[in-house]
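In: model the following, please.
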Amino acid sequence: MAHTVGIKDVAREAGVSIGTVSNVLNRPDTVTAATRARVLAAIDRLGYVRSESARQLRAGSSRIIAMLVPDIANPFFVTVARGAEREARRAGLGVMLCNSAQSAVEEAEYLSLFGAQRVRGVLVSPADGTGRALRDFRRHRIPFVLVDRVLPGLDDGCSVSVDNVVGGLLAVRHLLALGHRSVTYVSGPMHLQQCRDRHAGALAAVREAGLGAGALEHLRTERLDVASGLDAGARLLGLPRPPAAVFCANDLLALGVLQAMYSAGVAVPREVAIVGYDDIEFAAAAATPLTSVRQPAELLGRTAARLLAEETAPTASAHRHRSVVLQPELVVRASTWESVL
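Out: Residues are numbered from 1 along each chain as shown. Purely as a prediction, here's the structure:
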């Protein structure tokens, strides 16, 4: 087995003490220029690579933050992660991105791993709507920021979310303004707060229009992905009276519904109008561009990373927990309004 070059080898090669090598690596201003040059030359000759994990143990602080998202295949979370990474790099931190696959079990396993690795902090979009795994994670005393979610009983930390009630209101208000008198809401799992909030906003729009709660139908799906949207579309087409207006809890569901309609020869928006949520890049690029409620995804990630960097900085004693709520906006495209075709 090849010998791993260590700090003792560098000290021997340079003819100095281990403490001197450590000073060159950690406090170079305390070492004379000549000695520093000799040690650096020895490092270069031997190919010594500093152990980041050992440095973290000595310093008591990691430069890595973990980010846990429920669906790494969803472009929305890719954009959130990109924003978080850019902000983290400005603070001199790196981001380790992990995927819970919308599984509470995998989420708990990852959080346990983050605790064992002593990451600096965690950005998490919980898959477990109960917050149980995060309450257990508290024992590690590692700060975390909730991203795109707010969970009851976890108000002793920071969170960044979008007002999903307003988002649901905007979506269904738009459909009703086009003359539709009933809307079907295709949701993901209703244990997720954002799915419930978008439904609440949709219901508020129906009531605002003076319609009864029966004007909002509800079709549940197990996941928030294209495959679930395809299945939902088939189920809608199988109804005695398929809906003329559909609001989906995210764009992946909406794209699946849109594809199902195309396959069945149903004209969009002439026979059915469809609204998505998130405004991912694929929404505008669909064969019939998708009307969607835009979330400021990159800003969401940047804000969350900034709050975590503030909380874990040496001046963290001045940090105050905050719950930041961003606002969505409706982007109208051809899936609801023929005039934009």
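In: low-confidence ranges in the stretch 51-200 of the chain?
Out: Residues of the stretch 51-200 of the chain that meet the criterion pLDDT under 70 lie in 51-61, 154-155.
In: go again with 50.
Out: 57-60 (pLDDT under 50).
In: show me the helices in it, by range?
Out: 52-59, 75-90, 104-117, 132-137, 164-177, 193-208 (DSSP state H, counting those that start in this stretch).
In: show me how far the shortest one is from its chain's centre.
Out: Here helix 132-137 is found 18 Å from its chain centre; the criterion is Cα atoms, centre = their mean, to the nearest Å.
In: what does it contact?
Out: By Cβ atoms under 8 Å, 6 or more residues apart in numbering, the residues outside helix 132-137 that reach it are 104, 107-108, 111-112, 114-115, 122, 124, 126, 128, 144, 151, 153-154. For every residue, glycine as well, the C-beta is placed using N, CA and C.
In: ok, back up a step: now the helices of the stretch 51-200 of the chain in a markdown table, with mean neighbour count?
Out: Converted to a markdown table, the helices of the stretch 51-200 of the chain look like this (neighbours: other Cβ atoms under 10 Å):
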| stretch | mean neighbour count |
| --- | --- |
| helix 52-59 | 12 |
| helix 75-90 | 20 |
| helix 104-117 | 18 |
| helix 132-137 | 18 |
| helix 164-177 | 23 |
| helix 193-208 | 21 |
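In: of all those, which lies closest to P269?
Out: Proximity to P269 (Cβ to Cβ) singles out helix 164-177 among those, at 9.9 Å.
In: excluding chain neighbours, what is closest to G129?
Out: Sequence neighbours aside, H191 is the residue nearest to G129 in space, at 4.0 Å (criterion: Cβ to Cβ, 6 or more residues apart in numbering).
In: so how far is I65 from the one you found?
Out: H191 sits at a distance of 27 Å from I65 (criterion: Cβ to Cβ, to the nearest Å).
In: okay, the two: which has more neighbours?
Out: Neighbour count, other Cβ atoms under 10 Å: between H191 and I65, I65 has more, with 28 against 12.
In: that one pairs with what?
Out: I65 has these beta-bridge partners by DSSP bridges: V95, G121.
In: quick one: residues contacting it.
Out: With Cβ under 8 Å, 6+ apart, I65 has these contacts: 88, 93-96, 119-123, 305, 308, 312.
In: which members of those residues are the farthest-apart pair?
Out: So, the contacts of I65 by Cβ to Cβ: farthest apart are M96 and T312, at 14.6 Å.
In: between these two, which one's more packed in?
Out: Using other Cβ under 10 Å, the more surrounded residue of M96 and T312 is T312, with 19 against 16.
In: OK, contacts around that one?
Out: T312 is in contact with S61, I65, R120, G121, P143, counting by Cβ under 8 Å, 6+ apart.
In: counting neighbours, what do you get for the fourth one?
Out: Burial of G121, expressed as a neighbour count using other Cβ under 10 Å, amounts to 25.
In: same check, this time on the last one
Out: The burial count assigned to P143 is 20, neighbours taken as other Cβ under 10 Å.
In: how about it, phi and psi?
Out: Torsion angles at P143 (phi, psi; degrees, to the nearest 10) stand at phi -60, psi 150.
In: you'd agree it is up against L307?
Out: No: look at P143 against L307 with Cβ atoms under 8 Å: they stay out of range, at 9.1 Å.
In: residues contacting G6?
Out: Contact analysis of G6 by Cβ under 8 Å, 6+ apart lists Y48.
In: returning to what we had before: just put the contacts of I65 in a markdown table and tack on distance to P242.
Out: Output for these, formatted as a markdown table (distance: Cβ to Cβ, whole Å):
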| residue | distance to P242 |
| --- | --- |
| A88 | 46 |
| L93 | 50 |
| G94 | 49 |
| V95 | 44 |
| M96 | 45 |
| V119 | 49 |
| R120 | 51 |
| G121 | 47 |
| V122 | 44 |
| L123 | 40 |
| A305 | 43 |
| L308 | 46 |
| T312 | 52 |
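In: from V150, how far out is S161?
Out: S161 sits 5 Å away from V150, going by Cβ to Cβ.
In: if you count what's nearby, which of the two comes out ahead?
Out: In terms of neighbours (other Cβ under 10 Å), S161 is the more surrounded of S161 and V150; the figures are 22 against 18.
In: residues in contact with the more buried one?
Out: Contacts of S161 by Cβ under 8 Å, 6+ apart are L146, V147, D148, R149, V150, Q194, L300, S323, V324, V325, L326.
In: tell me the bridge partners for it.
Out: Bridge pairing for S161 - DSSP bridges - gives V325.
In: please shift the residue numbers so they start at 21 in all later answers.
Out: In the new count, where the first residue is 21, that last one comes out as S181.
In: on that earlier part again, closest to P289 out of the contacts of S181?
Out: Among the contacts of S181, Q214 lies closest to P289 (Cβ to Cβ), at 25.1 Å.
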